[in-house]
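[1] Show me how the following folds:
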Amino acid sequence: MSSRLFLAGTLMLQLSACNAPDSPGTVTDSKGEKKEWIEGKDYTILERVRIRDEQGFGQPVTAYSLLVPKGWKTEGGITWRVGHTCMQEVVNNRVHFTSGDGAISIDFFPTRSWEWNDDPTMLQAMQNNAASGFKRC
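    Numbers count the residues shown, from 1 in each chain. All right, here's what the predicted structure looks like:
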């Protein structure tokens, strides 16, 4: 039993090794021709970018990280609006990513909140909160 398992494992290793590329960045297509992979055309390398909060915790910390294509520029980060009356807008996440050639950009914009209500019960609750000093957005 164990010799059969050993033979099956050896055969699997040999078969999987037959399909391995000759060198990094080279692949053999279905016609048997070798093709050189080109970075940026055939595949994209991603880099980890850390978005920092420089002011919220007494020392700089990483708020979150993302994978972006290699060579992209990153600007921005987390900022705090101390004393702002709208709690949802106290922490600003403003980040701008730009491709190396400037053709593509991605933006993360800060949260902006607004409310509207015509329900009399909800309006009364909001007015009571405003009278006690709690301001809505």
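
[2] For the rest of this, base every contact and every neighbour count on C-alpha atoms.
    Fine.

[3] Would you tell me what the next helix or strand after the worst-scoring helix or strand of the chain on mean pLDDT is?
    Using mean pLDDT, DSSP states H and E, the weakest-scoring helix or strand in the chain turns out to be helix 2-17, at a mean of 55. Using DSSP states H and E, the helix or strand that follows helix 2-17 in sequence is strand 26-28.

[4] How far off centre is that next one?
    Computed by Cα atoms, centre = their mean, to the nearest Å, the chain-centroid distance of strand 26-28 equals 31 Å.

[5] Likewise for stretch 115-128?
    Taking Cα atoms, centre = their mean, one finds the center of stretch 115-128 at 37 Å from the center of the full chain.

[6] With stretch 38-58 instead?
    Its chain's C-alpha centre and that of stretch 38-58 lie 8 Å apart, by Cα atoms, centre = their mean.

[7] any idea of the mean pLDDT for it?
    For stretch 38-58, the mean per-residue pLDDT is 91.

[8] So the closest residue to Ile106 other than its chain neighbours, which state does it fall into?
    For Ile106, ignoring the flanking residues on the chain, the nearest one in space by Cα to Cα, 6 or more residues apart in numbering is Phe97 at 5.1 Å. Under DSSP: H, G, I helix; E, B strand; the rest coil, Phe97 falls in the strand class.

[9] swap in Gln59?
    With three-state DSSP as the criterion, Gln59 reads coil.
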